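Student: model the structure of this input:
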Amino acid sequence: MIEFALLIPLLVLIVFGAIDLARAYHAQVTLTNASREAVRYASAVGLDDSGSYNKYNYCSGIKDMARRSAYFTPLTINISYDKGPGTASYNTCDGTVDSGVVVSSGDRVLVTVSAQYKPMLKLIPLSSRTFTSSSSRTILGLLKLEPCTGC
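Tutor: The predicted model follows:
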């Protein structure tokens, strides 16, 4: 009985520490998936589901895709555009639709997703922290498909 009483705090610390570390890992994986899904949506050719907006400048659709991928995690989502790796951002997607984005060759969309992580219990010295994930992808633009004549 005495041995159990001495070991139970250590066992509880190990179990809850493992659970908190698993939650932190899950938060990071969820954010990575959310940024990838959002940037994949934003770089795709075509219009949104309603047929009204191009996917690359439909800010609400891009943010909605990130939120759906991270379902229970409250996110902060930033969307910007640049001309390729190593170049500065030339536009930020705010509001519902960003009509200031005109796609040219090599333009990329960058989606940065962040969320706050707080441990469940204060048994181990883990503090609250912000996890961030960024993904970028070249915008494919719009393709005009014409029927094949003489095929």
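
Student: isn't residue 139 right up against residue 40?
Tutor: No - if you go by CB atoms under 8 Å, residue 139 and residue 40 don't touch, sitting 11.3 Å apart. The way it works is simple: take the backbone N, C-alpha and C, and place the C-beta from them, glycine included.

Student: these two: which has the busier surroundings?
Tutor: Comparing residue 139 with residue 40 by other CB atoms under 10 Å, the one with more neighbours is residue 139, at 23 against 17.

Student: list the contacts of that one.
Tutor: Residues near residue 139 by CB atoms under 8 Å, 6 or more residues apart in numbering: 42, 43, 56, 81, 103, 107, 108, 109.

Student: if we go to 7 Å?
Tutor: By CB atoms under 7 Å, 6 or more residues apart in numbering, residue 139 lies in contact with 43, 56, 103, 107, 108, 109.

Student: count of residues packed around the last one?
Tutor: When counting by other CB under 10 Å, one arrives at 27 neighbours for residue 109.

Student: neighbouring strands - and their directions - for the worst-scoring helix or strand of the chain on mean pLDDT?
Tutor: Every helix and strand in the chain was compared by mean pLDDT, DSSP states H and E; the lowest is strand 91-92, with a mean of 86. Paired with strand 91-92 in the same sheet, following DSSP bridges, are strand 76-82 (antiparallel).

Student: which residues of the chain fall in helices?
Tutor: 2-43, 59-69 (DSSP state H).

Student: with distance to residue 51 and mean pLDDT added, can I get those helices in a markdown table?
Tutor: Converted to a markdown table, these look like this (distance: least, CB to CB, whole Å; pLDDT from 0 to 100):
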| stretch | distance to residue 51 | mean pLDDT |
| --- | --- | --- |
| helix 2-43 | 15 | 90 |
| helix 59-69 | 12 | 92 |
